[in-house]
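Engineer: For reference, the sequence and a predicted model appear below.
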Amino acid sequence: MSGLSPSAPHWISVASARLPANVGRDVEVRGWVRTRRDSKGGFSFIELNDGSCLSNLQIVADNQLENYDREIACLSVGSSIVAKGQLKPSEGQGQATELAASEVRLVGDCPHDFPLQKKRHSFEKLREWAHLRPRTNSFGAVTRVRNQLAMSVHQFFQDEGFYYVNTPIITASDCEGAGQMFRVTTLPMDKLPRTANGQIDHARDFFGKPAYLTVSGQLEAEIFATSLGRCYTFGPTFRAENSNTSRHLAEFWMIEPEAAFYELPDNMALAERFIDRLLSDVLSKCAEDMHFFDERVQPGLLLALRQVLEKPFVHMTYTEAIEILQNCGQQFEYAVEWGIDLQAEHERYLTEQHVQGPLILHNYPKTIKPFYMRCNDDGRTVAAMDVLVPGVGEIIGGSQREERLDVLTGRMLEMELSESDYWWYLELRKFGSVPHSGFGLGFERVVQWITGMTNIRDCIPMPRVPGWAEF
């Protein structure tokens with residue numbers, strides 16, 4: 001096995017090597033062998049992929065090459081190589097170029113027990129090989145689409161005049177008030193220090209008080225929204241929720257914009273522009289990968305996404321949605337009545353059958369929403385919104401925040417939350433309070449929707465779910 005030469009010329013990607021404009025160039029490519037087949041005419045055809053695109057580059061290696069019998073004719077799937085030669089027009093279908101190799105060097109051999117052979121594996125099985133699955137077509141495509149979506153998130157909010165802020169990962173505040181948080185501690189688990197009354201002595205912990213992994217950066221983002229006008233976060237969040245479903249993760253990434261002087265209609269309009277930008281960018285910049293998802297993962301995906309992009313968002317109150325669900329004649333697993341938290345089956349009926357497109361629901365019962373959402377004048381609902389799309393259901397949840405100090409403290413009292421735990425949050429309402437709004441989008445949820453992948457565990461590099469924290 002030979003290593004890389006430090007004096008080797010700069011190489012080009014497989015994506016570049018496949019461009020017709022590069023025919024005639026002498027180039028070097030580097031990557032991993034997907035397949036190798038030998039012809040009777042004394043040639044080997046090597047399919048090379050380096051992750052830069054879905055498609056492979058065909059390398060034609062003559063048996064006159066010095067190391068043909070020793071290395072080239074023995075190349076196995078998964079081996080890493082460096083190949084030099086001239087790009088020529090290809091007579092094969094689906095490729096404009098191929099590389100006529102003048103040199104092929106083995107960099108890293110791959111034994112025949114490499115799991116990712118030509119046999120197709122289920123996505124569930126591939127999760128056991130999360131360190132290798134990005135080498136497959138499906139997960140290479142997911143990674144490239146995820147990358148483009150991340151870039152589009154930042155570009156959209158920068159274009160809209162939002163500042164990117166980094167909110168804490170370790171926090172003492174439970175944004176959702178649900179208590180489903182992972183605790184962070186340095187206390188010895190085998191001998192927890194106790195107070196005189198037998199309670200855990202948190203004063204002896206690292207932070208001197210209970211601390212947790214964040215479930216949301218929203219509360220801290222409001223600090224910057226009420227100082228700089230507009231901001232957004234994009235970072236990891238954590239939920240200690242024992243949910244083994246195709247839509248839930250214990251660790252995921254959240255995008256959370258916050259904007260001062262935004263009321264609920266402004267917030268909904270921002271969400272619509274945001275979704276449109278994500279879709280238009282990924283459809284134009286990841287066309288090859290998106291065609292793969294449309295053909296191999298979810299037939300009809302491209303048509304469905306284009307319909308969302310082209311069709312106006314329907315706006316509907318929660319109360320109107322409940323009436324529609326109650327009168328639609330469909331049997332649901334979860335009964336429908338005013339005051340329930342809508343389930344995925346309800347959301348999908350509304351988007352896929354009733355409006356047949358994207359939908360924004362707003363004005364939810366205050367009893368099912370967190371303390372920080374602005375109370376409406378009816379005394380029953382809050383100025384909350386959810387953005388629902390066909391195939392997935394909710395992908396965005398947001399609200400106008402409660403800016404009135406007396407109303408906010410009243411809501412906290414109702415929900416038995418301690419004002420002392422949120423003293424700084426209350427001061428944002430005490431010192432120059434303004435109407436403001438924001439929303440949260442689970443990044444993996446939108447990756448799942450746009451790629452058509454059926455399980456959210458396949459939309460993040462290393463999924464964290466109950467009972468599973470490998471890699």
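Structural biologist: Alright, I've got the coordinates. Numbers count the residues shown, from 1 in each chain.
Engineer: Could I get the buried residue list for stretch 295-312?
Structural biologist: 297, 301-302, 304-305, 308 (16 or more other C-beta atoms under 10 Å). C-beta: built from backbone N, CA, C; applies to glycine.
Engineer: and if you look at stretch 463-471?
Structural biologist: In stretch 463-471, the ones that count as buried by 16+ other C-beta under 10 Å are 463-465.
Engineer: and which of those is nearest to Gln148?
Structural biologist: Pro463 (20.6 Å; C-beta to C-beta).
Engineer: Can you name the residues that contact the closest one?
Structural biologist: 127, 130, 249, 456-457 (C-beta atoms under 8 Å, 6 or more residues apart in numbering).
Engineer: now do Phe439
Structural biologist: Phe439 sits in contact with 256-257, 267, 270-271, 385, 387, 396-399, where contact means C-beta under 8 Å, 6+ apart.
Engineer: Including secondary structure and pLDDT, could the residues you listed go into JSON lines?
Structural biologist: Compiled in JSON lines, those are given as follows (DSSP: H, G, I helix; E, B strand; the rest coil; pLDDT from 0 to 100):
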{"residue": "Glu256", "secondary structure": "strand", "pLDDT": "98"}
{"residue": "Pro257", "secondary structure": "strand", "pLDDT": "98"}
{"residue": "Asn267", "secondary structure": "helix", "pLDDT": "98"}
{"residue": "Leu270", "secondary structure": "helix", "pLDDT": "98"}
{"residue": "Ala271", "secondary structure": "helix", "pLDDT": "98"}
{"residue": "Met385", "secondary structure": "strand", "pLDDT": "98"}
{"residue": "Val387", "secondary structure": "strand", "pLDDT": "97"}
{"residue": "Ile396", "secondary structure": "strand", "pLDDT": "97"}
{"residue": "Gly397", "secondary structure": "strand", "pLDDT": "97"}
{"residue": "Gly398", "secondary structure": "strand", "pLDDT": "98"}
{"residue": "Ser399", "secondary structure": "strand", "pLDDT": "98"}
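Engineer: Return the member of these nearest to Tyr334.
Structural biologist: If you rank these by distance to Tyr334 using C-beta to C-beta, Gly397 comes first, at 18.4 Å.
Engineer: wait, doesn't the closest one sit right on Met385?
Structural biologist: Yes. Applying C-beta atoms under 8 Å, one finds Gly397 in contact with Met385, separated by 7.5 Å.
Engineer: Looking at those two, which is more packed in?
Structural biologist: Met385 (25 against 18; other C-beta atoms under 10 Å).
Engineer: any idea how far the more buried one is from Leu264?
Structural biologist: To Leu264, Met385 is 6 Å away according to C-beta to C-beta, to the nearest Å.
Engineer: repeat for Leu106
Structural biologist: 61 Å.
Engineer: which ones are touching Glu345?
Structural biologist: By C-beta under 8 Å, 6+ apart, the contact list for Glu345 reads 332-334.
Engineer: TSV for the residues you listed, including distance to Phe431?
Structural biologist: TSV is the format used below for these (distance: C-beta to C-beta, whole Å):
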residue	distance to Phe431
Phe332	47
Glu333	48
Tyr334	43
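Engineer: ok, which stretches of the stretch 251-400 of the chain are strands?
Structural biologist: Along the stretch 251-400 of the chain, counting by DSSP state E, counting those that start in this stretch, strands occupy 251-260, 314-317, 359-365, 381-389, 393-400.
Engineer: so how far is the second one off the chain centroid?
Structural biologist: Put plainly, it is strand 314-317. 26 Å (C-alpha atoms, centre = their mean, to the nearest Å).
Engineer: Provide the secondary structure category for Gly85.
Structural biologist: On the three-state scheme (DSSP: H, G, I helix; E, B strand; the rest coil), Gly85 is labelled strand.
Engineer: so it bridges to which residues?
Structural biologist: Val27, Ala101 (DSSP bridges).
Engineer: about what we covered before: pull up the overlap in contacts between Met385 and Leu264.
Structural biologist: Joint contacts of Met385 and Leu264 (C-beta under 8 Å, 6+ apart) are 362, 399.
Engineer: give me the low-pLDDT residue ranges for this protein?
Structural biologist: Where the chain drops to pLDDT under 70, the residues are 1-9, 175-179.
Engineer: where do the helices sit along it?
Structural biologist: Assigned by DSSP state H, the helices in the chain fall at 14-17, 123-126, 137-159, 218-228, 264-285, 287-292, 301-310, 318-327, 344-348, 405-414, 423-430, 443-451.
Engineer: Dump the ones you listed to a markdown table, plus distance to Leu57.
Structural biologist: A markdown table is the format used below for those (distance: least, C-beta to C-beta, whole Å):
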| stretch | distance to Leu57 |
| --- | --- |
| helix 14-17 | 5 |
| helix 123-126 | 24 |
| helix 137-159 | 14 |
| helix 218-228 | 44 |
| helix 264-285 | 21 |
| helix 287-292 | 14 |
| helix 301-310 | 26 |
| helix 318-327 | 51 |
| helix 344-348 | 41 |
| helix 405-414 | 60 |
| helix 423-430 | 55 |
| helix 443-451 | 24 |
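Engineer: With respect to burial, which of those scores highest?
Structural biologist: helix 443-451 (a mean of 24; mean count of other C-beta atoms under 10 Å).
Engineer: residues contacting Arg127?
Structural biologist: Arg127 touches 133, 457-458, 463, counting by C-beta under 8 Å, 6+ apart.
Engineer: how about 10 Å then?
Structural biologist: 121, 133, 455, 457-458, 462-463, 465, 468, 470-471 (C-beta atoms under 10 Å, 6 or more residues apart in numbering).
Engineer: cool, Thr167 as well?
Structural biologist: So Thr167 contacts 214, 216-224, 231, 233-235, 237, 254, 256 (C-beta under 10 Å, 6+ apart).
Engineer: mind running it again at 6 Å?
Structural biologist: 217, 220-221, 233 (C-beta atoms under 6 Å, 6 or more residues apart in numbering).
Engineer: Can you give me the neighbour number for the nearest residue to it once chain neighbours are set aside?
Structural biologist: Excluding its sequence neighbours, the residue lying closest to Thr167 (C-beta to C-beta, 6 or more residues apart in numbering) is Gly217, at 3.2 Å. Residues contacting Gly217 under the criterion other C-beta under 10 Å number 27.
Engineer: How many residues are close by the closest residue in space to Thr451 that isn't next to it in sequence?
Structural biologist: The shortest distance from Thr451 to any non-neighbouring residue, by C-beta to C-beta, 6+ apart, is to Phe293 (5.1 Å). When neighbours are counted by other C-beta under 10 Å, Phe293 registers 22.
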